[in-house]
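# the following comprises the amino acid sequence and a computationally predicted model.
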2 protein chains.
Amino acid sequence: MTVNFLARNRSVLIYGASLAALLFLMKWLEWRFLIADYAVELYGGALAIVFTSLGIWLAVKLMKPKTNTVFVEKEVVVKTNDFILDERELTRLGLSKRELEVLQLMAEGLSNHQIAERLFVSLNTIKTHSAKVFEKLEVQRRTQAVDKAKKLRLIP
Amino acid sequence: MTVNFLARNRSVLIYGASLAALLFLMKWLEWRFLIADYAVELYGGALAIVFTSLGIWLAVKLMKPKTNTVFVEKEVVVKTNDFILDERELTRLGLSKRELEVLQLMAEGLSNHQIAERLFVSLNTIKTHSAKVFEKLEVQRRTQAVDKAKKLRLIP
DNA sequence: TATAAAATCACCCTAAAGTATGAGTGCAAA
DNA sequence: TTTGCACTCATACTTTAGGGTGATTTTATA
């Protein structure tokens, strides 16, 4: 902390040190015969050093620290695993609840027979549903239907 | 900006103003009969003001601003469209180049007949290929094969 | 060059999928 | 209340898919 302070105010310290050094130099050179004549100037120099220091101390103590706030954007990859059903597309195509259900089971690779069992209806009903699904999706095969439905975000 | 500076350094300014006011007060009170006697003190006061100001100015000028680095998380939706084929899985299952090709076309919803035309081979050949694909993927239907292949990252 | 794996094709048969059509029921909106 | 829609089921038929088997030709590699 102290080291940091010293580092930050190096220029100020150098200024102060230079002033002090200069005074000492003058003092050493002319101590013996000029001290009496230049007493006022020496007094002024000392005053300058002391009050410059006071000023610096005051400013450092009282001045609110200047803060530069730097905003750094950190990219966070968000997984897009979350499937959101495209309701708009769904209503546009006019797919009913049951038809979508059949479509989902189709996508899981179930046969019409298995879908019928799963939904407790007859095989013929599933055939009817799938036929309507194909019609609405404008396809001929279940594999096409699944492919298109995935692209249209009707199923995950 | 200037207003901001004044606000931040109010204490310093008050200190300086007080010093000045004090000097003026002394001057006003004792101007006529003490000016000669206290010339040195007035000179010292002036020096004090000037060098205190100098110190403040120096400190303000030279003090390095504190840098606050704030990390802001920015959500970036990365398209996970980039399909990378799972070669390991591919070799594990022992799927041949041609079989994978057939699998891909299956996933696009093509019928065996269409696949045969696309690859310039007979329907029977496609049937053989698809049969081997089902065997290797341990499934019974093409819809299942497509579903499993997608999950295993064999096809996009 | 021998050999294994891949690719090709054929035939037969069954299962599943898909097409077409008709019809009954229930529910909600006009 | 009627009308439309979703859901249900059935029958008949066609097409496609899938299983099983066997065979020939390429192709890559030990």
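Now that the structure is in, tell me what you want to look at.

# name the element A:G55 belongs to?
Assigned by DSSP states H and E, A:G55 belongs to helix A:39-62.

# tilt between that helix and helix B:39-62?
Using axes from the mean of the first three to the mean of the last three CA atoms, to 10 degrees, the inter-axis angle of helix A:39-62 relative to helix B:39-62 is 40 degrees.

# now do helix A:39-62: which elements does it pack against?
Contacts defined by 3 or more CB pairs under 8 Å, 6 or more residues apart in numbering or on different chains; DSSP states H and E place helix A:39-62 against helix A:10-34, helix B:10-34, helix B:39-62. C-beta coordinates here come from the backbone N, C-alpha and C atoms, glycine included.

# contacts only, for A:V102.
By CB atoms under 8 Å, 6 or more residues apart in numbering or on different chains, the residues touching A:V102 are A:115, A:119, A:126, A:129-130, A:133.

# of all pairs in those, which one spans the longest distance?
A:L119 and A:V133 (13.6 Å; CB to CB).

# more neighbours, these two?
Comparing A:L119 with A:V133 by other CB atoms under 10 Å in any protein chain shown, the one with more neighbours is A:V133, at 23 against 15.

# the closest residue in space to that one that isn't next to it in sequence: which element?
Once flanking residues are discounted, A:V133 sits nearest to A:E99: 5.0 Å by CB to CB, 6 or more residues apart in numbering or on different chains. Assessed by DSSP H and E, A:E99 sits inside helix A:97-107.

# re the thing from before, how far away is the residue nearest to A:V133 from A:L154?
A:E99 is 10 Å from A:L154, where distance means CB to CB, to the nearest Å.

# cool, A:L62 as well?
To A:L154, A:L62 is 67 Å away according to CB to CB.

# do the same with A:T69
47 Å.

# between those two, which one's more packed in?
Per other CB under 10 Å, whichever of A:T69 and A:L154 has more neighbours is A:L154, with 23 against 9.

# quick revisit: show me the contacts for the residue nearest to A:V133.
A:129, A:132-133, A:136.

# format the residues you listed as a markdown table; extra columns: secondary structure.
Formatted as a markdown table, the contacts of A:E99 follow (DSSP: H, G, I helix; E, B strand; the rest coil):
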| residue | secondary structure |
| --- | --- |
| A:H129 | helix |
| A:K132 | helix |
| A:V133 | helix |
| A:K136 | helix |
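
# ok, the residues you listed vs B:R92, which is closest?
Closest approach to B:R92 among the contacts of A:E99 (CB to CB): A:V133, at 34.8 Å.

# who's in contact with the closest one?
Contact analysis of A:V133 by CB under 8 Å, 6+ apart lists A:95, A:99, A:102-103, A:106, A:145.

# out of those, which two sit at the greatest distance?
Farthest-apart pair in these is A:L95 and A:M106; separation 12.5 Å (CB to CB).

# check chain A for the residue nearest chain B and tell me.
A:G55 (2.2 Å; CB to the nearest CB).

# who's the closest spatial neighbour of that residue, skipping the chain neighbours?
Distances taken as CB to CB, 6+ apart place B:G55 nearest to A:G55, at 2.2 Å, with adjacent residues excluded.

# how far away is the nearest residue to A:K132 once chain neighbours are set aside from A:I84?
Spatially, and ignoring its direct neighbours in sequence, A:K132 is nearest to A:E99 (5.8 Å; CB to CB, 6+ apart). Distance of A:E99 to A:I84, given as CB to CB: 19 Å.

# where in chain A is pLDDT low?
The model of chain A has pLDDT under 70 over residues A:1-16, A:18, A:26-44, A:64-66, A:75-81.

# helix, strand, or coil at A:F83?
Applying three-state DSSP: A:F83 is coil.

# and it, what does it touch?
A:F83 makes contacts with A:153, A:156, as judged by CB under 8 Å, 6+ apart.
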